[in-house]
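> what would the 3D arrangement of this be:
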Amino acid sequence: MDKTSSSYPVVYVIFTLTQAIRRGIPRKNIWREFRRQHIALQPRLIFWVTLCTQLGIIKQIDNELRLTNHTRAWLNKPTDQQAIDLIEAWQNAPKNKKARQFRKKLLWKLKYNQPITAKDQTALNGLNALGLTANNTLTRWGKHFIQNDGKLPAPPPTTPPCWMDQTTYNAPLHFHLDLLWRLETHLRPNRPSQYPLNKRALRNSDPHTLISLLEEGLQSQLPAHIKALILGQPSIRVSEGIVLEFSSPAELAQLRRQPVLRKYIQEFLSAQSVLIPKEQKQALFKLLQRRGAHLQQYEDQPPVPKEKRTHFPRKTILQPVGKTMPKLVLIEKYKQLGQAFDMLYRNPGRNPEQRRITPLAIEQRGEHTYIIAHCQTRRAQRTFRLDRMEIPGTW
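Modelled structure (predicted):
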């Protein structure tokens, strides 16, 4: 996910503003909500607050913003009626009478294609934000609502459904505003119309109500693993295949250096065990035999005598105080012991994430070092780049 800000339809900017007020965010901090969602807020926030106040969907009480009883009804209005209300609110928003007359005259100039002066251009920022003008000329929407010229695009015959992208819920803009109004009492968007379904987002939500809202937008059943995540049910992944256990992690790492074998050996179970599909068994076994590997079936293994346990060892690693140990050394120790540790992973274009991983293999690819591990946070195998990992007490 990139960090660049993008422009969004005016209705969604207003929707984001009303939701920030609904969640009780102080007025001085509302701009942070737009920056968190990477929304390019142009003009400044005061313009949108004044516009929404004139629309009658928010009100100011003791310098704090509150929603009115008409907010949800206005958001559910047809698009053409919203555009007419926005033009009227923009024209009547200034408290000064001369400023209101100036905007009224500017709309008259645009309607009859009269020349625009330099003073008029200063007032076009608001119409640009409403999507009515661009580069001092009327857009297709502006020609329709100001000059009564042209037709609006016909709405789709059926409402497009929402969709899932891994653990992110996506809803098309304009078509599901009422659904998003109810959904945002349970979830907070990561970006406009994108709602992450993770433990942090689901902390204070009613699971059954949330599931019904998500399925209403999808127009189908939620995937079983997403429903289990929302309900907090244990998730167990069942995999069928053949387990290959190497005599040492070094031998496994050596074979994975060959690209032809790496595409077969991908699913790690431990630092020296992998899982392969049954249909790839013959092809992989031939490749391994060509390279001199000895394949030993499970039933051929001699019985290992049990040793009498005389003590109870604790495989623990003391966390160093201060940056006194290289990251690679610490990861190697955790890999040998098969233990998990916490780290902060900085993926480019995303916010830093707290992960808990169990390292399985360490590989050098070009100039970068990669850690193949089982991520307990994501409940799946993941590959991490070493220079993007931050581990307390290491450098």
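
> is residue 371 in a helix, a strand, or coil?
strand (DSSP: H, G, I helix; E, B strand; the rest coil).

> is it true that it touches residue 387?
No: counting by Cβ atoms under 8 Å, residue 371 stays clear of residue 387, with 10.8 Å between them. Heads up, the C-betas are built off the backbone N, CA and C, glycines and all.

> quick one: which of those two has more around it?
residue 371 (22 against 11; other Cβ atoms under 10 Å).

> contacts only, for the more buried one.
331, 357, 359, 361-362, 383-386, 389 (Cβ atoms under 8 Å, 6 or more residues apart in numbering).

> ok, it to residue 178 distance?
Per Cβ to Cβ, to the nearest Å, residue 371 is found 45 Å from residue 178.

> ditto for residue 294
65 Å.

> go on, residue 376?
Taken as Cβ to Cβ, the span from residue 376 to residue 178 is 38 Å.

> same deal with residue 235?
32 Å.

> surely residue 33 and residue 26 touch.
No: the criterion here is Cβ under 8 Å, and residue 33 misses it with residue 26 at 10.8 Å.

> who's more crowded, these two?
Shown here are residue 33 and residue 26; by other Cβ under 10 Å, residue 33 has more neighbours (19 against 12).

> low-confidence ranges, the stretch 101-250 of the chain, go.
For the stretch 101-250 of the chain, applying pLDDT under 70 flags the ranges 203.

> can you map out the helices along it?
118-122, 124-129, 140-146, 177-183, 207-218, 224-231, 249-256 (DSSP state H, counting those that start in this stretch).

> which other helices and strands contact the third one?
Packing contacts for helix 140-146, counted by 3 or more Cβ pairs under 8 Å, 6 or more residues apart in numbering; DSSP states H and E, involve helix 79-92, helix 97-111.

> distance between the first one and the chain's centre?
Read it as helix 79-92. 32 Å (Cα atoms, centre = their mean, to the nearest Å).

> with respect to residue 171, which of the helices and strands packed on helix 140-146 lies nearest?
helix 79-92 (16.5 Å; Cβ to Cβ).

> what's the angle between the closest one and helix 97-111?
130 degrees (axes from the mean of the first three to the mean of the last three Cα atoms, to 10 degrees).

> list the buried residues for helix 79-92?
Using 16 or more other Cβ atoms under 10 Å as the test for burial, helix 79-92 gives 82-83, 85-87, 89-91.

> pLDDT wise, what is residue 313 at?
Residue 313 carries a pLDDT value of 53.

> could you do the one 3 residues further on as well?
Reported pLDDT at residue 316 in the predicted model: 49.

> equivalent analysis for the one 5 residues further on, please.
Listed pLDDT for residue 321 reads 47.

> the one 10 residues further on too?
The model reports residue 331 with a pLDDT of 92.

> residues contacting whichever strand or helix holds it, please?
Using DSSP states H and E, residue 331 maps to helix 327-337. Here helix 327-337 makes contact (Cβ under 8 Å, 6+ apart) with 249, 271, 315, 317, 320, 340-341, 358-362, 369, 371, 386, 389, 391, 393-395.

> same thing but at 10 Å, please
Here helix 327-337 makes contact (Cβ atoms under 10 Å, 6 or more residues apart in numbering) with 249, 270-271, 315-317, 319-320, 325-326, 339-341, 343, 357-362, 369, 371-373, 384, 386-387, 389-395.

> strand partners of the next helix or strand after it, parallel vs antiparallel please.
Sequence order places strand 341-345 as the next helix or strand after helix 327-337, per DSSP H and E. Strand 341-345 has the following strand partners under DSSP bridges: strand 353-365 (antiparallel), strand 389-390 (antiparallel).

> show the average pLDDT along strand 341-345.
Rounded mean pLDDT across strand 341-345 is 91.

> pull the CA atoms of stretch 76-85 into CSV?
C-alpha atoms of stretch 76-85 as CSV (Å, rounded to 0.1, in the frame of the first residue of the first chain):
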residue,chain,number,x,y,z
ASN,A,76,-28.7,8.3,1.1
LYS,A,77,-30.1,10.9,-1.4
PRO,A,78,-29.7,10.3,-5.1
THR,A,79,-26.5,11.6,-6.6
ASP,A,80,-28.2,14.4,-8.7
GLN,A,81,-30.0,15.7,-5.6
GLN,A,82,-26.8,15.7,-3.6
ALA,A,83,-25.0,17.7,-6.4
ILE,A,84,-27.8,20.3,-6.4
ASP,A,85,-27.6,20.6,-2.6
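
> perfect, that will be all.
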